[in-house]
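Novice: Predicted model and sequence below, questions to follow.
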Amino acid sequence: MPTLRVDSALIPAVNAPITIDALLSAVEPVLGQGGRIVTALRINGVDEPAFREPDILTRSLVDVDEIDLETTPVAVLASCALEDALRYLPALGDEARDVASQLRRPDAAQHQPALAGLADNLALLAALVHTADMWARHAGLAGGDWLGDDVAAVERVAEVLETSARAGDWVSAADALEYDLTAALEAWQVRLAEGQVQVRALVPVPSA
């Protein structure tokens, strides 16, 4: 039968043939009860970073295969995602001020592509927070509204920017970036920092 180790601990009685998908489907519900999830997989000593992809999931294991799974507490994943978001927020505020400064210049229209770049970065921030929220809920933390009010505030700024850009009103666009967006990002940062405190309380203490 295949050899299965989870965090270096040998798991007996794995019958072959079995697919990676079936193996994970059997193991992860048990891990989930302890607030953990598989975050790395090796087959015969070879890392499979894309082990959630169909071509890996459908792979059939045989008796001689050795599978190593590494797990991470979901609270740690939530905390890491929040840390990334909190590091990213001040940089986004600086970027908003920089784009606003560009839009106040006589050649403001030439700097319109910078708005698209800022929009992409805001989307990345929202994705990070969404990921943190998902892991936090898995860890047992009730929803902290990390996405609702703050995303709505950012979306309102985006609507102003779209209207201003269509009208060529770069002064209004700059004002929305410099004042409204930065204020929304600062409020979001406060909310996420509070959430980080809650999430860290759920992170398991390493055993001695």
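Specialist: Arrived safely, thanks for sending.

Novice: Now do the lengthiest helix in the chain: distance to the chain's middle.
Specialist: What stands out as the longest helix in the chain, according to DSSP state H, is helix 74-103. Its chain's C-alpha centre and that of helix 74-103 lie 12 Å apart, by CA atoms, centre = their mean, to the nearest Å.

Novice: Pull out the buried positions in it.
Specialist: Within helix 74-103, the residues that count as buried by 16 or more other CB atoms under 10 Å are 74-86, 88-89, 92-93, 95-97, 99-100, 102-103. Every residue, glycine included, has its C-beta placed from N, CA and C.

Novice: name the helices or strands packed onto it?
Specialist: Contacts defined by 3 or more CB pairs under 8 Å, 6 or more residues apart in numbering; DSSP states H and E place helix 74-103 against strand 36-43, helix 112-138, helix 170-175, helix 182-200.

Novice: Check the offset of the longest one from the chain's centre.
Specialist: Centroid displacement of helix 112-138 relative to its chain, using CA atoms, centre = their mean, is 8 Å.

Novice: Where does the prediction get shaky in this structure?
Specialist: Counting by pLDDT under 70, the chain has low-confidence residues at 142-144, 206-208.

Novice: Per the annotation, how does it divide into domains?
Specialist: Domain segmentation of the chain under automatic domain parsing yields 3-73, 76-200.

Novice: which of those domains sits most buried?
Specialist: domain 76-200 (a mean of 17; mean count of other CB atoms under 10 Å).

Novice: For this structure, list the residue farthest from the centre, please.
Specialist: residue 106 (38.4 Å; CA atoms, centre = their mean).

Novice: could you measure residue 106 against residue 171, distance?
Specialist: Between residue 106 and residue 171 the computed distance is 12 Å (CB to CB, to the nearest Å).
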